[in-house]
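[1] Predicted model follows, preceded by the sequence.
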Amino acid sequence: MAPRVLVSDKLSETAVQIFRDRGVDVDFMPDLGKDKDKLLEVIGDYDGLAIRSATKVTEKLINAATKLKVIGRAGIGVDNVDIPAASRRGIIVMNTPFGNSITTAEHAIAMIFAVARQIPEADNSTRAGKWEKSKFMGVEITGKTLGLIGCGNIGSIVAARAVGLKMHVVAFDPFLSAERAVELGIEKVELDELFARADFITLHTPLTDKTRNIINAEAIAKMKDGVRIINCARGGLIVEEDLVEGLRSGKVAGAGIDVFEVEPATKNELFHMPNVVCTPHLGASTSEAQENVALQVAEQMSDYLIKGAVTNAINMPSITAEEAPRLRPFVKLAEVLGAFVGQVTESAIKEVEILYDGSTAEMNGKALTSAALAGLIRPQVADVNMVSAPVMVKERGIVVSEIKRDKTGVFDGYIKLTVKTANQTRSVAGTVFSDGKPRFIQIKGINLDAEIGQHMVYTTNNDAPGIIGILGTTFGKHGVNIANFQLGRNRPGGDAIALLYVDERVSEEVLDQVRAFPEILSAKPLVFDV
Ligand SMILES: NC(=O)c1ccc[n+]([C@@H]2O[C@H](COP(=O)([O-])OP(=O)(O)OC[C@H]3O[C@@H](n4cnc5c(N)ncnc54)[C@H](O)[C@@H]3O)[C@@H](O)[C@H]2O)c1
Ligand SMILES: O=C(O)[C@H](O)COP(=O)(O)O
């Protein structure tokens, strides 16, 4: 059956056509996002949800979305999505990080001009027949210093445009490298220096615990008299009442505000201040940007729902459409290795180490690790997947490490999973043969070559004669058909293991009969999703 996607915000209808062309059923209800109750009623029917900023994807909505696999944000900010809740439920959240960057940067530049020349107020006054030529004395921006707070995708486009307008640009961004600053022709500075030097300040950071209220009374006090402040990033970066106070005192000469603490902003003190230009979160609102983000989000969501490719996910490593088919058998292998250890381990896991040898070291390690972790904790948390597994493992305080190395053995590449609990260390290794099927190649350091089936039985035993007989006769007596039987030992007379691929799950009664033999140390039924 074709996957079903709901579009609950005002996306360009380009998205609808793309979903249909890709074989995805789509319901286009651009106003549904604002009707929380109705959305809650229908969300359970959908595999995908495509949104902008109006739909609030709360934990309650996510809990009702029993089939949901992907949330696609046609735009950048995902602060309207409860990402931890989505991750816990294994739902991928993806955005379109570049589709509206130019448009938003242009809005910030437009705001700089509008504030520098008081264009909206002058427009109003002229239309009112006042001809107040002397009232609207502006400032040039040429030669002025622009302070950028946040110099990522949008900030750097603003920087390039501002340099072209002959402004001097200084930027505060802890993640901006010195080389990138040189490349952009701007100066990297600390925040206080930016406050002290900038004639115009423009914000381009996400809203985080560190950036919330970054422009408050204390920050404004450090700024130049007559500073002009632009915010086309997120409401909450500026303490609005402190800005109002700064404007009232004349410390701040003007502001251009596209985003507000409370949106939709229908009442706000800033609306009553002179030389404040306000727009209703229009940063991304151009036909070009909306076409870009709609097209991109529909392609990304369809690629995921149809082919398993992951692009621009916030909570999952990317997997390109090209690598998805090659990676798939190794994802399965990683999951099966995790599932083996998860099923035989009974005490709390403390550490997980994943070794990627040879060709597997060149693959998408993040995706493989997520798959191994999903397999590992599935025996405890049934509906975990590659999205939720890393979150759950972290929540449980399990330390995960990855090692990558060149080919060392006879296999082109293999994956080895080692898990430590308080009492013991367990390891299992596997590879994928040219038939695309995963194989166990080592368990507890004992080499073997075992095909993996849905139902298996794993025994540990003393290396003694008669084990094949014990298992074969007991299972035969109860009509359990053995498809494949693998034995291994560390040395003659030492530790030995047996791995049997059987046609159906072996009951505990039958396994108890096996366990009753003194040579058998343990016998476990295993289930694999292969
Ligand atoms: N008004 C709109 O309609 C509109 C449109 C698009 C994007 N946005 C918003 O614009 C903002 C920037 O988007 P982007 O695409 O450039 O994001 P980005 O992730 O490319 O860049 C953000 C930059 O902020 C920096 N940063 C993070 N914490 C910081 C801190 N404490 N101090 C200084 N810098 C910090 C990061 O290092 C990064 O370089 C986001 O909040 C986004 O939601 C708004
Ligand atoms: O983060 C974004 O992409 C912008 O804030 C745009 O939001 P919108 O899609 O609701 O206009």
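    Sure thing, it's come through. Residues are numbered from 1 along each chain as shown. Ligands and ions are numbered 1, 2, ... in the order given.

[2] Would you tell me which residues of this protein are close to ligand 1?
    The chain has residues 76-77, 97, 100-101, 104, 149-155, 172-175, 204-206, 208, 210-211, 232-234, 258-259, 281, 283-284 near ligand 1, with proximity defined as C-beta under 6 Å from any ligand atom. All C-beta spots, glycine's among them, are computed from the backbone N, C-alpha and C.

[3] which ones among these come in contact with ligand 2?
    Within those, those near ligand 2 by C-beta under 6 Å from any ligand atom are 76-77, 100, 281, 283-284.

[4] which residues in the stretch 101-250 of the chain form strands?
    145-149, 168-172, 187-188, 200-203, 227-231 (DSSP state E, counting those that start in this stretch).

[5] how many neighbours does the residue in the chain positioned nearest to ligand 1 have?
    Taking C-beta to the nearest ligand atom, ligand 1 has its nearest neighbour within the chain at G152, 1.9 Å off. G152 has 17 neighbours, counted by other C-beta atoms under 10 Å.

[6] Please tell me how far it sits from M167.
    G152 is 19 Å from M167, where distance means C-beta to C-beta, to the nearest Å.

[7] beta partners for the closest residue to I201 other than its chain neighbours?
    Closest residue to I201 apart from its sequence neighbours, by C-beta to C-beta, 6 or more residues apart in numbering: G147 at 4.4 Å. With DSSP bridges as the criterion, G147 is bridged to V170, I201.

[8] contacting residues for G147?
    170-172, 189, 194-195, 197-198, 200-202 (C-beta atoms under 8 Å, 6 or more residues apart in numbering).

[9] cool, M273 as well?
    Listed by C-beta under 8 Å, 6+ apart, the contact partners of M273 are 244, 247-248, 255.

[10] before we move on, what about L417?
    Neighbour list for L417: 334, 337-338, 341, 352-355, 372, 376, 427-429 [criterion: C-beta under 8 Å, 6+ apart].

[11] same thing but 6 Å
    337, 341, 354, 372, 428 (C-beta atoms under 6 Å, 6 or more residues apart in numbering).

[12] out of those, which are inside helices?
    Among these, the residues falling in helices (DSSP state H) are 337, 341, 372.

[13] So how do I select the buried members of these in ChimeraX?
    Of these, the buried ones can be selected in ChimeraX as follows, counting by 16 or more other C-beta atoms under 10 Å:
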select :337,341,372
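
[14] from the ones in helices among the contacts of L417, which is closest to ligand 2?
    Checking those against ligand 2 with C-beta to the nearest ligand atom, the nearest one is A372 at 33.5 Å.

[15] From M456, how far out is that closest one?
    18 Å.

[16] R180: neighbour count?
    Residues within reach of R180, counting by other C-beta under 10 Å, total 16.

[17] oh sorry, the question was meant for K332
    K332 has 21 neighbours, counted by other C-beta under 10 Å.

[18] same thing with the one 3 residues further on?
    Per other C-beta under 10 Å, the neighbour tally for E335 reads 27.

[19] Extract the residue ranges of this structure that are flagged as low pLDDT.
    382 (pLDDT under 70).

[20] Could you list the contact residues of it toward ligand 2?
    52-53, 75-77, 100, 281, 283-285.

[21] Dump those into TSV; add secondary structure as well.
    Below are these laid out as TSV (DSSP: H, G, I helix; E, B strand; the rest coil):
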residue	secondary structure
R52	coil
S53	coil
G75	coil
I76	coil
G77	coil
N100	coil
H281	coil
G283	coil
A284	coil
S285	coil
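
[22] Highest neighbour count among the contacts of M273?
    Of all those, A255 has the most neighbours under the rule other C-beta under 10 Å, reaching 26 neighbours.

[23] SS state for it?
    What three-state DSSP gives for A255 is strand.

[24] Look up how far ligand 2 lies from it.
    Look at A255 and ligand 2: by C-beta to the nearest ligand atom, to the nearest Å, they are 18 Å apart.

[25] Correct me if wrong: that residue contacts I229.
    Yes: here A255 reaches I229: they are 4.7 Å apart, a contact under C-beta atoms under 6 Å.

[26] Next, the buried residues of stretch 277-288.
    For stretch 277-288, the neighbour count (16+ other C-beta under 10 Å) marks 277-279, 281, 283-286 as buried.

[27] Stretch 497-512 too?
    497-502, 506, 510-511.

[28] farthest pair in those residues?
    Taking C-beta to C-beta as the measure, the buried residues of stretch 497-512 reach their widest spread between I497 and V510, a distance of 18.8 Å.

[29] neighbouring contacts of stretch 274-288?
    In this structure, residues lying in contact with stretch 274-288 by C-beta under 6 Å, 6+ apart are 75, 100, 103-104, 107, 114-115, 118, 120, 232, 254-259, 270.

[30] same thing but 7 Å
    Residues outside stretch 274-288 that contact it (C-beta atoms under 7 Å, 6 or more residues apart in numbering): 75, 100, 103-104, 107, 111, 114-115, 118, 120-121, 232, 247, 253-259, 263-264, 270-271.

[31] List buried residues within these.
    Applying 16+ other C-beta under 10 Å to the contacts of stretch 274-288, the neighbour count classes 75, 100, 103-104, 107, 111, 114-115, 118, 120-121, 232, 247, 253-259, 270 as buried.

[32] For beta bridges, what are the partners of the closest residue to G48 other than its chain neighbours?
    Taking C-beta to C-beta, 6+ apart, and ignoring the residues beside it in sequence, G48 has V5 as its nearest neighbour in space, at 3.8 Å. Taking DSSP bridges as the rule, V5 bridges to V26, G48.

[33] Can you tell me which of the residues of the chain next to ligand 1 are classed as buried?
    Here the buried ones among those, as counted with 16+ other C-beta under 10 Å, turn out to be 76-77, 97, 100-101, 104, 149-155, 172-173, 204-205, 211, 232-234, 258-259, 281, 283-284.

[34] rewinding a little: ok, which pair from the contacts of M273 is furthest apart?
    Using C-beta to C-beta, those span at most 11.9 Å, a distance reached by R248 and A255.

[35] which residues do these two both contact?
    Residues touching both R248 and A255 by C-beta under 7 Å, 6+ apart: none at all.

[36] hang on, the earlier thing: as JSON lines, the strands of the stretch 101-250 of the chain with distance to F485 would be great.
    Below are those laid out as JSON lines (distance: least, C-beta to C-beta, whole Å):
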{"stretch": "strand 145-149", "distance to F485": "66"}
{"stretch": "strand 168-172", "distance to F485": "66"}
{"stretch": "strand 187-188", "distance to F485": "65"}
{"stretch": "strand 200-203", "distance to F485": "66"}
{"stretch": "strand 227-231", "distance to F485": "69"}
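
[37] C-terminal to the helix or strand harbouring K366, what's the next element?
    According to DSSP states H and E, K366 maps onto helix 365-377. Counting by DSSP H and E, the next helix or strand C-terminal to helix 365-377 is helix 388-395.

[38] Between helix 365-377 and the next helix or strand after that following helix, find me the angle.
    With elements assigned by DSSP H and E, the helix or strand that comes after helix 388-395 is strand 399-405. Here the directions of strand 399-405 and helix 365-377 differ by 130 degrees (axes from the mean of the first three to the mean of the last three C-alpha atoms, to 10 degrees).
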